[in-house]
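Asker: Sharing a model prediction with you, sequence too.
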Amino acid sequence: MSAPLASKVTTNSAIKSATVYAILICISSVHLMNDMMQSVVSALFPVLEQSLGLSLAQIGWIAFTLNMTSSVMQPVVGLISDKRPAPWMLPVGMLASMAGMIGLAFAPNFYLVLLAVVFVGLGSAVFHPEGSRVVHLAAGSRRAFSQSIYQVGGNFGQMLGPLMTMLIFLPFGQKGAIWGTLLAATAIIILMKVVPWYKKQLAVHDGKMQQRKAAGNVKPALAPKVVAYALAILFAIVFARSWYAAAIGNFYQFYVVETYGLTIKQAQIPLFLFLAAGVAGTFLGGILADRIGRKKMMLISILGAAPFALLLPHLPLAWVYPLIVVLGFILQSGFSVSVVYAQELMPSKVGTASGLITGLAFGMGGLGAVVLGYLADARSLSFVMIACSVLPLMGLLALLLPKDKKEA
């Protein structure tokens, strides 16, 4: 091999393995704003319960509508964009979420709230698969770490939900949701930097051929039956995590009010601690997964959270705060890793894999919110929390997953 050719190969290899942190930070920031707009919905629950006289079952239906809209559409968007990546879909998704924020601020009844939530869900469904593809392109050799940066943005946005309840919606009511339009506008401005870079990456190596590479179009390392088996196990793990997260995210604030006599404002503190710890857990989980492997990190995550989940409903209030921090940290440390594991199972369908996992998480969380809401109305919130505390034990299924690239 001649010196110039060898130099060119070395340069291309270095570019391929380099991590583009500026783009990762931009897309993570947009993910933060996208998930903050989704958090507006759950942050409004205590306000809507009082102002519109909603039952816990209706609260569950709102969460279900948000999560199912985004979950059903995410794999569809991912499948389409795997065949034809579309950078313009990123700002379009933000425009849909902006319309949802306006609707939430002024919806006078339960059904118009649901309609507004559909737009927020559609915006999220469009954003997530394309956002994950941008991360895949910018990750270089640090896929789990890069995915964790991306997910940290989303988790941080979710974490701000309880603060929004305390500082915005309890004082200003439902109309406070209009400030969410500023989030959408800011996200669109940031995407003006991401979209041109994304287009350039898709066009680097001879047009359509590079688009196939950007979608990860390489031959799977595992047989189709093994991939299907692994995805089924992964879905079960995501189901367990999502239903448990739905119990904490949607109903734990009502549980601590009922059980410990806290005010709605005070009840946001343990929820905030759970979500804040999840941000740190997501970041550390990505770093560790690149070192010890995806499978091990997922096992540590959900199964490691099991004893703390089992203890939580039986603790005095003083012990709730430190335990819920540990619980949130461990539980969320494996979510971004599960996305990367799915992408590596389906290397030719990066958008579809991302849409399936993140969409399934939203969908299962939404279904869980409805079921748990009806259970809470029919039985009690204590029954729901105790019943859900066993869900992380399903993390044992991670032992059955095929070895990932790190283990192999």
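Answerer: Now that the structure is in, tell me what you want to look at.

Asker: Show me the shaky parts of the stretch 201-350 of the chain.
Answerer: Within the stretch 201-350 of the chain, the stretches falling below the threshold (pLDDT under 70) are 204-222, 348, 350.

Asker: show me where it has helices.
Answerer: Per DSSP state H, counting those that start in this stretch, the stretch 201-350 of the chain has helices spanning 208-214, 224-246, 252-260, 264-292, 294-311, 317-332, 335-345, 350-378. These are given in chain order.

Asker: Pick the most deeply packed of those.
Answerer: Mean neighbour counts were taken over these using mean count of other CB atoms under 10 Å, and the top value, a mean of 28, falls to helix 335-345. In this view, the C-beta of every residue, glycine as well, is placed from N, C-alpha and C.

Asker: who wins for proximity to Gly157 among the helices of the stretch 201-350 of the chain?
Answerer: Taking CB to CB as the criterion, Gly157 comes closest to helix 264-292 out of these, the separation being 9.5 Å.

Asker: Ala99 - how many residues pack around it?
Answerer: By other CB atoms under 10 Å, 17 other residues sit near Ala99.

Asker: Quick check: chain neighbours aside, which residue is closest to it?
Answerer: In space, not counting the residues next to it along the chain, Ala99 is nearest to Phe119; the distance is 4.7 Å by CB to CB, 6 or more residues apart in numbering.

Asker: coming back round to it: out of the helices of the stretch 201-350 of the chain, which is closest to Tyr21?
Answerer: In terms of CB to CB, the element of these nearest to Tyr21 is helix 264-292, at 13.6 Å.

Asker: Would you confirm that Leu44 contacts Leu104?
Answerer: Yes: under the criterion of CB atoms under 8 Å, Leu44 makes contact with Leu104 at 6.8 Å.

Asker: Find the residues that touch each one of these two.
Answerer: In terms of CB atoms under 8 Å, 6 or more residues apart in numbering, Leu44 and Leu104 are both contacted by the residues Gln174, Ala177.

Asker: Skipping adjacent residues, who's closest to Leu52 in space?
Answerer: Among residues not flanking Leu52 along the chain, Phe110 sits closest, at 6.0 Å (CB to CB, 6+ apart).

Asker: before we move on, what about Leu275?
Answerer: Nearest residue to Leu275 in three dimensions, chain neighbours excluded: Met159, at 3.7 Å (CB to CB, 6+ apart).

Asker: Against Leu32, how distant is the one you found?
Answerer: Shown here: Met159 relative to Leu32, a distance of 10 Å by CB to CB, to the nearest Å.

Asker: likewise Met298?
Answerer: In this structure, Met298 lies at 24 Å from Leu32, with CB to CB as the measure.

Asker: Likewise for Gln74?
Answerer: Taken as CB to CB, the spacing of Gln74 relative to Leu32 amounts to 18 Å.

Asker: Over to Leu24?
Answerer: Note on Leu24: its distance to Leu32, by CB to CB, is 12 Å.

Asker: show me the residues around the nearest residue to Gly278 once chain neighbours are set aside that make contact.
Answerer: For Gly278, the nearest residue in space outside its immediate sequence neighbours is Gln332; the separation is 3.4 Å by CB to CB, 6+ apart. Under the criterion of CB under 8 Å, 6+ apart, the contact list for Gln332 reads Asn155, Ala277, Gly278, Val279, Gly281, Thr282, Gly285, Ser301.

Asker: Now for those residues: which two are most distant?
Answerer: Greatest spatial distance in those: Val279 and Ser301, 14.3 Å, computed using CB to CB.

Asker: helices or strands next to the strand or helix carrying Ala116 in the packing?
Answerer: If you go by DSSP states H and E, Ala116 is part of helix 110-138. If you count contacts as 3 or more CB pairs under 8 Å, 6 or more residues apart in numbering; DSSP states H and E, helix 110-138 packs onto helix 21-43, helix 56-83, helix 89-106, helix 143-164, helix 180-203, helix 208-214, helix 335-345, helix 350-378.

Asker: So which bits of it are buried?
Answerer: 110, 113-114, 116-138 (16 or more other CB atoms under 10 Å).
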